[in-house]
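Chemist: Sequence and predicted model, in that order:
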Amino acid sequence: MNYDVHSAAPEPAPQPVRVALPQAVPYVTYSIIGVTVVFYVLQVASVVFFGYPTTFSNIDWLSLYGARINEFIRAGQVWRLLTPVLLHGSVTHIFFNMYALLSFGTALEQFFGRGRFFTLYLLGAFAGNVMSFLFTDGYSVGASTAVFGLIGAEAVFLYRNRRLLAGHFRSAIGNVLFIIAVNLFLVGSLPGIDNWGHIGGLLGGLMFTWFACPLWEIEGIAPMLYVADRRSVGEVMSGAALVLAVFGALAVWGMVR
């Protein structure tokens, strides 16, 4: 994949140059989609073959498989701050979430690398479910918490590398901000939408990516130019630790208040 970027060298009038960007098959994105689809098939198969469970106070399979249910989290089932990302309430629900994951995840995984991308996805899911736990009742499911983490990550990544991305930055950041606004203020106002989960995922993605996203610089000799990431592993780990500390503390506060 190639991109028109501006050279970071101090020149009176920087000119666009062709630079090779990281390329790799987004195996993590495909794997997440595959696992999520398997869980949805399991949900449907459970109803088809076993009906609705009656042993556990008539709660449904979504609840049993790990939906975000506040009373269960307060009882110690803290894994419910992550497992909702694997569950969905309908074919439409999972389709749109997986489509969004494919749209944003494919490029982000190539730019971030597999490990950092997977960490981003998990942190977005965790942060979103913590905010949902704090500010909403009932239960919630869906990968949109993690997807909003990816959307926030793309915004920060574009901003932090805006000098290299040149003219592409303006149009790309405009599209991302438009998607955020539409989903938070229009779609988020519809009944049944867990907007606090979206806000939390967005905040988690923004926070992690600010401290951990790739910081590109151009290396090589023309025309064999490529981008190198000057972000250290320690910075990435610190960014992840910060998100875990902030939202972990909020989760603990929500459990004891």
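Modeler: Nice, I can see it. Please read all numbers here as calculations on a predicted model, not as lab measurements.
Chemist: what about the nearest residue in space to W216 that is not next to it in sequence, which helix or strand?
Modeler: Counting by C-beta to C-beta, 6 or more residues apart in numbering, V227 is the residue found nearest to W216 once chain neighbours are left out, at 4.2 Å. Glycine gets a C-beta too; all of them are placed from N, C-alpha and C. Taking DSSP states H and E as the criterion, V227 maps to strand 224-229.
Chemist: by contact count, what packs against that strand?
Modeler: strand 16-20, strand 216-221 (3 or more C-beta pairs under 8 Å, 6 or more residues apart in numbering; DSSP states H and E).
Chemist: and if we set it to 10 Å?
Modeler: strand 2-6, strand 16-20, helix 91-112, strand 216-221 (3 or more C-beta pairs under 10 Å, 6 or more residues apart in numbering; DSSP states H and E).
Chemist: winner for burial among these?
Modeler: Comparing the helices and strands packed on strand 224-229 by mean neighbour count (mean count of other C-beta atoms under 10 Å), helix 91-112 comes out on top with a mean of 18.
Chemist: between the helix or strand that that one is followed by and helix 91-112, what angle do the directions make?
Modeler: Counting by DSSP H and E, the next helix or strand C-terminal to helix 91-112 is helix 114-135. Orientation check (axes from the mean of the first three to the mean of the last three C-alpha atoms, to 10 degrees): helix 114-135 against helix 91-112 gives 130 degrees.
Chemist: now stretch 30-44: mean pLDDT?
Modeler: Mean pLDDT, computed over stretch 30-44, is 95.
Chemist: Over to stretch 194-201?
Modeler: Rounded mean pLDDT across stretch 194-201 is 94.
Chemist: starting at the chain centroid, how far to it?
Modeler: Between the centre of stretch 194-201 and the centre of its host chain there is 11 Å, according to C-alpha atoms, centre = their mean, to the nearest Å.
Chemist: Also stretch 179-195?
Modeler: That offset, for stretch 179-195, works out to 16 Å (C-alpha atoms, centre = their mean).
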